[in-house]
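Asker: have a look at this fold, sequence not included:
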């Protein structure tokens, strides 16, 4: 009967069995140093938001810009395209009107959490989902249905 040498006897076998795991790990690590490219999907999505913002009312256009820059871009991995700027969407615009619209769109996105909590029936929320959505629309007037839908969806997603 061969003599056992302790862990030295099974260590080579363990290395052979675990080698694929380490090779995969090191292969993945080698991509870290290389520059990653912006995905085709992210480029197309940005172009979609720019085109949609150009074809809508001013307040909704500012909402779409803000929604894309602060919400859509945070999902996924890898580098993302540059923020959409109002100069890209409008040939000219009043800076005061822009600041007012930006403040309103930020408020709409900031207040969407109640709708999400009501949708999931958080114990601390005493209002129904439908009433919370109506309240969000009432307290943030002037947006299109599409903008309200995006804000409500973001609230639901964030509170899941």
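Answerer: Thanks, I have the structure now. Quantities reported herein were computed from a predicted structural model and do not represent experimental measurements.
Asker: need the pLDDT of residue 40.
Answerer: Residue 40 is assigned 93 on the pLDDT scale.
Asker: check residue 73 too.
Answerer: Note on residue 73: pLDDT of 84.
Asker: gap between it and residue 112?
Answerer: From residue 73 across to residue 112, the span is 17 Å (C-beta to C-beta, to the nearest Å). For glycine as for every other residue, the C-beta is placed from the backbone atoms N, C-alpha and C.
Asker: okay, and the helix or strand of this protein with the least pLDDT?
Answerer: In the chain, the helix or strand scored least confidently by mean pLDDT, DSSP states H and E is helix 7-30, which has a mean of 55.
Asker: who are the neighbours in contact with the closest residue in space to residue 111 that isn't next to it in sequence?
Answerer: Nearest residue to residue 111, sequence neighbours excluded (C-beta to C-beta, 6 or more residues apart in numbering): residue 136, at 6.1 Å. Neighbour list for residue 136: 108, 111-112, 114-115, 148, 151-152, 155 [criterion: C-beta atoms under 8 Å, 6 or more residues apart in numbering].
Asker: so which helix or strand takes in residue 136?
Answerer: Element membership of residue 136 [criterion: DSSP states H and E] is helix 129-139.
Asker: now the angle from the helix or strand following that helix to helix 129-139?
Answerer: Counting by DSSP H and E, the element after helix 129-139 in chain order, helix or strand, is helix 145-158. Here helix 145-158 points in a direction 130 degrees away from that of helix 129-139 (axes from the mean of the first three to the mean of the last three C-alpha atoms, to 10 degrees).
Asker: since that was my last question, I'll sign off now.
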